[in-house]
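# This is a predicted model, with the sequence first.
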Amino acid sequence: MNVIKAKRNYIIALALLFVFVSLSETTYSLFLTSNSTDEFTYNTGTLDLQFVEDEMITLQNVFPMLDSDGINLEPYKLVIKNTGSLAYLFDLTMASSTEEDAIDTRYIKVKVNEYAPHTLYETANVLANDVTIYPGEELTFKINVWLDLNTPNKELGKTFSAQVITKGSSFYKTLDTSGANSPMLTSDMLPIYYNEDTSSWHVANKSNILSTETWYDYDSRMWANSITLKNDDNKYIYDITRNNDILATDMKFNNGNLVIDEKYFDTNIANYSDRYITNIFRMKVNAVYSNIYILSNDNMTYYYDNSKECFVFKIGNSYVTSSKYTLKENEWYILGYSYDGQTVSFYINGEKLSSASISGTIDSTSTFKIGTDSTKREITEITVGNILVYDRILSDEEITRNFSMNMSVILDGLKSGYEEFIPMTLKEYYLSRESGFEIDNDDVLDYYVWIPRFKYMVWNVTGEAGIDSYDAYHKGIGIIFETDAETTGVIYCENDVCYNNDLKVTKVNQIDNGKYYTHPAFTDGDNELKGFWVSKYELSLNDNTIGSKLDANAWNNNSVSNYINSLTNIGNHMIKNTEWGAILYLSHSKYGLCAKNKCSDMGINTTDKSGANDKDTTTGNKYGIYDMAGSYSNITASKYNDEDLFDNEYEIYTDTFILGDATNEILLKEGIWDNASYSNIDSTNKWIIRGGYKNGGMFGMRASDGLANPDISTRMVKR
């Protein structure tokens, strides 16, 4: 039976004053590089930040509270937009008052966006650090503020005032010196880089100024990669091993610790049938009234007998006890036991307390529960910081070395482990890790690659066979990245007709070969794009969820209309024909598969699984786009006439050639550009299958009626 817990320390309401004043219209002048031509020039740049604030923050409850309550308060909102031409790397800081009557920052709790809660004191008043905002980008910060549950009585009547400010510096130079536009991440994206030593993807630093975590470097064929995580708004407690993440419901937590007072915690670790077990806990007792139940399932219980002052290990109706030890309220302990089927050893703060003999199986189909006995009727009032379950016996030396004053988790033999009891979505979990944290492919929904805006040197501007101004195929296509949304090419096209001047009077002809033309993939209706994201792999379908996943089977056998509608429903687009052309042209340049006037062919994936061949990419390494040759063919969307669907979404072909789409422009000589598999669109076959057919090359193409085909898949883009 639960008794009323009367031993509480209540604090009367505090009068708190939060004053937020932001910097505004701050402008600096620095130098930045621009490469609108082959030569580098220096222009003056500006940093201009606009701040838009909510109303003055007000606390809904001025009592100290659990973190689990504080994060549900109405947040204060701050919007920062970079309207200048320089990137800005900054910390968002709450500059607090230093007056004598101010509340100590040790007791001011904050949570910013998806990041974990913390006290201002823990981070020296920094709300968010190493934040990068690029020109034209807008960032929103939602800030929750509350009073920590452990605020002492001496803080009564004090006030707190603060300013939210940015502290940082402008920068124009990243590890990439190619002049490419910085990748523009959407709110659901995380930047990633590949670690050659561990053969794994890791969270990158968005600013791209850390050489140990290079996000992108186009001169080194490292195209920018990003991921979106699985669509799951549920919050979990994450297992260290990631084998047993727990769906968090009605949890109480504070400072990353689990607070148990009215409801036990179910670890969801079920069907334990291993012969050995070692459990380690970091915990404190909030109130001692009767026995302190720590862990149990339907067959065994590990608890502290308050009347006899000893630990008890019970299997069925049999039990053994430790030697005497006095547990105190509100004091942290590291305690645990090991059991090998014959002997139980009890430990506290890294030292063996005693051992005892007992036999019996601990097998159970039920789950391990924290804070209750095997009957689940008694609830113990405890706070738990760590739970470690090993399927082997840890030695005395291991326990002393790793679990004395501090916790140093041993991974060998760890079946499940929890050390941070803060319910998080998957995105919050990754954001709470440091950059460099390894990506689990099972957590990823989509992998993307950034294609930055560029102009290219045309070599067959009229699309006629046998005409070429330079050997683009063997030596590579000339590519120059453009700044922001600038158009710096001297060829202009409208309705598929191209001109050699911006007045659009004289049509291009053979003498215009060798000039630069801004690739049409970066014009989307009336919008000029700095770049676009394309799925790294062909589309896959897992659990009825569309994604772009490594090692997934391509989602094939769908009509064009089904692909388009399905992607529209999730806010993405099926790749356009000109976008496919932009990827191919960037790949067939010094930034892709060409170097020193010589180009390599893209490898061919002979399976139907994404990413099966590391060399089958647009860069010849992990950073490119996979499977644009061989495997399934990729269908790209275009329109032959205006009687078809999707008028505003895809190219309307008034002729059968758009400069930059990698169709007629590659009709030079038989046997190169993969044009042996070439067939163009017409009024019946008005969609284009790209990347060859099964074993074809990336420039191969043929017309299609857009109907479902088991050998055809597609990929998606974010514009």
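Received it, and whenever you're ready, just let me know what you need. Residues are numbered from 1 along each chain as shown.
# Give me the residue ranges of this structure where confidence is low.
1-62, 97-98, 156, 172, 642-648, 668-671, 675-676, 693-695 (pLDDT under 70).
# Once you drop chain neighbours, what's closest to the residue nearest to the spatial centre of it?
In the chain, the C-alpha nearest the mean C-alpha coordinate belongs to L190, at 3.4 Å (C-alpha atoms, centre = their mean). Using C-beta to C-beta, 6 or more residues apart in numbering and skipping residues adjacent in sequence, the residue nearest L190 is I227, 5.5 Å away. Any C-beta I mention is one placed from the backbone N, CA and C, and that applies to glycine too.
# does Y337 count as helix, strand or coil?
Taken by DSSP: H, G, I helix; E, B strand; the rest coil, the conformation at Y337 corresponds to strand.
# what sits against the residue nearest to it when sequence neighbours are not counted?
In space, Y337 comes closest to F346 once its chain neighbours are excluded; the distance is 5.3 Å by C-beta to C-beta, 6+ apart. By C-beta atoms under 8 Å, 6 or more residues apart in numbering, F346 lies in contact with 311, 313, 322-323, 335-337, 352-356.
# ok, and the residue nearest to the centre of the chain, which helix or strand is that part of?
strand 189-195 (DSSP states H and E).
# how far is the helix or strand following that strand from where the chain is centred?
In the C-terminal direction, the helix or strand that comes right after strand 189-195 (DSSP H and E) is strand 200-203. Taking C-alpha atoms, centre = their mean, to the nearest Å, the mean C-alpha location of strand 200-203 is offset from the chain mean by 10 Å.
# For the contacts of F346, please prepare TSV with the additional fields secondary structure, neighbour count and distance to D197.
Converted to TSV, those look like this (DSSP: H, G, I helix; E, B strand; the rest coil; neighbours: other C-beta atoms under 10 Å; distance: C-beta to C-beta, whole Å):
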residue	secondary structure	neighbour count	distance to D197
F311	strand	28	44
F313	strand	22	43
S322	coil	25	45
S323	coil	13	48
L335	strand	23	38
G336	strand	27	34
Y337	strand	23	38
K352	strand	15	39
L353	strand	17	42
S354	strand	16	45
S355	strand	14	43
A356	strand	16	47
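# Please identify which of the residues you listed is nearest to T506.
Nearest to T506 among the contacts of F346 is G336, at 83.4 Å by C-beta to C-beta.
# which residues touch the residue lying closest to the closest one once chain neighbours are set aside?
Nearest residue to G336 in three dimensions, chain neighbours excluded: I280, at 4.0 Å (C-beta to C-beta, 6+ apart). Going by C-beta under 8 Å, 6+ apart, I280 touches 334-336, 347, 386-388, 390, 394, 399, 403, 407.
# one more time with 6 Å, if that's ok
Shown in contact with I280 (C-beta atoms under 6 Å, 6 or more residues apart in numbering): 336, 388, 403.
# what's across from it in the sheet?
G336, L388 (DSSP bridges).
# Can you give me the distance of it to I133?
When distance is defined by C-beta to C-beta, to the nearest Å, I280 is 43 Å away from I133.
# now swap in W223 and tell me
22 Å.
# between these two, which one's more packed in?
W223 (28 against 23; other C-beta atoms under 10 Å).
# Which phi and psi values does N569 adopt?
phi -70, psi -20 (degrees, to the nearest 10).
# Report the distance from stretch 626-636 to the chain centre.
Distance, stretch centre to chain centre, for stretch 626-636: 26 Å (C-alpha atoms, centre = their mean).
# Would you mind measuring the gap between the ends of that stretch?
Taking C-alpha to C-alpha, to the nearest Å, the first and last residues of stretch 626-636 lie 16 Å apart.
# how much space between the closest residue to S357 other than its chain neighbours and G316?
Spatially, and ignoring its direct neighbours in sequence, S357 is nearest to T343 (5.7 Å; C-beta to C-beta, 6+ apart). According to C-beta to C-beta, T343 and G316 sit 17 Å apart.
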